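Novice: can't give you the sequence, but here's the structure:
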């Protein structure tokens, strides 16, 4: 494995002190999969006490510890490396963190590996012998692209593992072994997911969405009945088959997010973009008619989005809400060859909330993510957009009338000032100059 020079120096020192060094967990798996993303390296040290390991590491810099029971140490001069002693974990409560930890430097590796979730995450790299120790068949499972739990008894103790399986499926294009899938299904049925914090669930959803094939993870969650209500209901919301031969909204959404995964590097906010693609049609269940029409589903989607509590960031919520609201507008403008003023009004509506580029790409994903694609209409959309952008730009024009201008014309500074400014801006988009705008507003409100 590729290791920092300082890490090798420390590992060699541990060996000289009679210890043994193993790299464990995801970094070993990723090395085998030839994935070179930044990854914390988990180092497990055998045959050394907590005190002895702490003293040794202190020779190389400042040591930060994370509770003596966990026996996890980090070195300030060796970022991304976690040093730990072998341990067993026993579930003692309902929460994700409720485990009794017993540290044992002499714990047999066969027992230590039982706390691992999946066989592909239970591989150990022996630093001294430069070889992989595979006690659970993880190498074969990686080769076969199968996700399998290490132990049925210990796997069910941590419900976060359900979501980890979903994100591994999406990241590595793997399938879940049936026994492991049944365990997950039973854990969901037993209501174990409710003990997970919103932050942890959000983190795993983000990993699914940022993977090469996000639909695999969400399809798995659907199969084991682990979807949140606003996504689950999409599976029984049917669409017009002449527009959506794929039928239900969930299937359409899965197609959209997989296409979006190939485009996310072209947008300004890739994570928020992927969330928007996942949630763009969540309003359809509220408004879909018996024949599959969904009038006003974007406005309904904004309403449903208020129930999505996973997303806490105000900035991200504003982005997603704006994308839900306007994800159809550009395509509709193209179909109807709308006038320039409609395009300029849209630029104003999304100003400082969503970049036009991102809105264009969700429009494309929505159009392509279906069983039937009208490519003539799709290419006409790009022609329309290129024309509008070349002539009108991508940003809303700056307002030429401000509040001070209105006050100087005799308008009172009150709650209606915002409404007046919006009206002034719309007149500007219609081609009125500053003086004409002010005269028009004054004449209109003097008559009232």
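Specialist: Thanks, I have it. These numbers come from a predicted model, not from an experiment.
Novice: all helices of the stretch 251-400 of the chain, in order?
Specialist: 270-279, 284-287, 297-305, 314-326, 329-336, 340-350, 356-368, 375-392 (DSSP state H, counting those that start in this stretch).
Novice: got TSV for these, with distance to residue 172, mean neighbour count and mean pLDDT too?
Specialist: Where you see a C-beta, it was placed from the backbone N, CA and C, and this is true even at glycine. As requested, the helices of the stretch 251-400 of the chain are exported to TSV (distance: least, Cβ to Cβ, whole Å; neighbours: other Cβ atoms under 10 Å; pLDDT from 0 to 100):
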stretch	distance to residue 172	mean neighbour count	mean pLDDT
helix 270-279	18	24	98
helix 284-287	31	20	97
helix 297-305	30	19	98
helix 314-326	26	19	98
helix 329-336	34	17	97
helix 340-350	36	17	95
helix 356-368	23	21	97
helix 375-392	31	13	96
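Novice: With distance to residue 58 as new columns, can those be given to me in CSV?
Specialist: Formatted as CSV, the helices of the stretch 251-400 of the chain follow (distance: least, Cβ to Cβ, whole Å):
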stretch, distance to residue 58
helix 270-279, 39
helix 284-287, 59
helix 297-305, 51
helix 314-326, 41
helix 329-336, 60
helix 340-350, 54
helix 356-368, 49
helix 375-392, 60
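Novice: Backbone dihedrals for residue 197, both of them.
Specialist: As for residue 197, its main-chain torsions (degrees, to the nearest 10) stand at phi -70, psi 150.
Novice: And it, what's its pLDDT?
Specialist: pLDDT, residue 197: 94.
Novice: Now for the residue nearest to residue 295 when sequence neighbours are not counted: which residues touch it?
Specialist: Leaving aside its chain neighbours, residue 295 sits nearest to residue 287 (6.0 Å; criterion: Cβ to Cβ, 6 or more residues apart in numbering). Neighbouring residues of residue 287 by Cβ atoms under 8 Å, 6 or more residues apart in numbering: 294, 295, 296, 297, 300.
Novice: Go through the residues you listed and name the one nearest residue 103.
Specialist: residue 300 (53.6 Å; Cβ to Cβ).
Novice: Flag the shaky bits of the stretch 1-150 of the chain, pLDDT-wise.
Specialist: 67-71, 89-100 (pLDDT under 70).
Novice: Look up the closest residue to residue 180, ignoring the ones flanking it.
Specialist: Residue 180 sits nearest to residue 149 (Cβ to Cβ, 6+ apart), 4.6 Å away.
Novice: Assess the claim that the one you found and residue 117 are in contact.
Specialist: Yes: in this structure, residue 149 is within contact of residue 117 by Cβ atoms under 8 Å, at 6.6 Å.
Novice: so how many other residues sit close to residue 133?
Specialist: Residues lying near residue 133 (other Cβ atoms under 10 Å) number 16.
Novice: Tell me how far the closest residue to it other than its chain neighbours lies from residue 21.
Specialist: In this structure, residue 133 finds its nearest non-sequential neighbour in residue 124, 4.2 Å apart by Cβ to Cβ, 6+ apart. Between residue 124 and residue 21 the distance, using Cβ to Cβ, to the nearest Å, works out to 10 Å.
Novice: and if you look at residue 143?
Specialist: Taking Cβ to Cβ, one finds residue 143 at 26 Å from residue 21.
Novice: swap in residue 36?
Specialist: 22 Å.
Novice: Residue 419 now?
Specialist: With Cβ to Cβ as the criterion, residue 419 and residue 21 are 69 Å apart.
Novice: More neighbours: those two, which one.
Specialist: The residue with more neighbours, out of residue 419 and residue 21, is residue 21; 22 against 10, by other Cβ under 10 Å.
Novice: Could you look up the SS state of that one?
Specialist: strand (DSSP: H, G, I helix; E, B strand; the rest coil).
Novice: what sits against it?
Specialist: 11, 14, 15, 43, 44, 45, 126, 127, 128.
Novice: What sits closest to it if chain neighbours are left out?
Specialist: Counting by Cβ to Cβ, 6+ apart, the residue nearest residue 21 is residue 127, at 4.1 Å.
Novice: Please apply the same query to residue 291.
Specialist: residue 240 (6.8 Å).
Novice: Next up, the contacts around that neighbour.
Specialist: 291, 292, 293.
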